[in-house]
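Asks: Pasting the sequence and the predicted coordinates here, then a few questions.
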Amino acid sequence: AFFANKVEHESRHCNGKGLQRPGSSSFDRVYTANQNCGHAYPTFLAVLWCAGLLCSQAPAAFAGLMYLFVRQKYFVGYLGERTQSTPGYLFGKRIILFLFLMSVAGILNYYLVFFFGSDFEIHIKTITSAISPLLLIP
């Protein structure tokens with residue numbers, strides 16, 4: 001909602017009726033940042049859901065909240081110079097990777113239980129709970 005509000009505000013600021021503003025670099029930056037964030041959310045939701053369901057809910061929820069704050073940082077950084085959005089983008093990639101690895105660990109644990117009867121769920125939850133605060137390190 002914040003991103004859409006910024007696009008609408010910038011659209012009104014440029015004194016036009018449609019979303020196409022040729023020559024308005026500020027509108028282009030806001031619109032592009034909004035599109036980038038919109039395209040990244042389906043991937044984020046898929047890995048967040050899988051990590052929470054298959055591995056551990058608390059670290060997945062923590063990583064999800066961190067991702068939302070990082071996307072906010074990316075969006076605001078994109079409104080300035082494009083190089084200001086790079087830290088938010090890289091930080092977001094690291095969080096997506098963490099959630100993906102949590103999902104893979106959960107899937108591997110399922111197959112270990114199914115085929116060998118070995119359950120490493122407690123170990124995986126302990127490791128992910130210990131690693132999730134490391135996401136705060138820039």
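Replies: On my side now, so go ahead.
Asks: how deep is the residue nearest to F2 when sequence neighbours are not counted tucked in, by neighbour count?
Replies: Closest residue to F2 apart from its sequence neighbours, by CB to CB, 6 or more residues apart in numbering: Q72 at 7.3 Å. Glycine gets a C-beta too; all of them are placed from N, C-alpha and C. Using other CB atoms under 10 Å, Q72 has 14 other residues around it.
Asks: next one: F91
Replies: That count, for F91 with other CB under 10 Å as the rule, works out to 21.
Asks: from memory it sits against K73, does it?
Replies: Yes. Counting by CB atoms under 8 Å, K73 is a contact partner of F91 at 7.4 Å.
Asks: This protein: strands as residue ranges?
Replies: Counting by DSSP state E, the chain has no strands to list.
Asks: Give me the helix or strand of it that scores worst on average pLDDT.
Replies: Here the helix or strand of the chain ranked lowest by mean pLDDT, DSSP states H and E is helix 2-13, holding a mean of 72.
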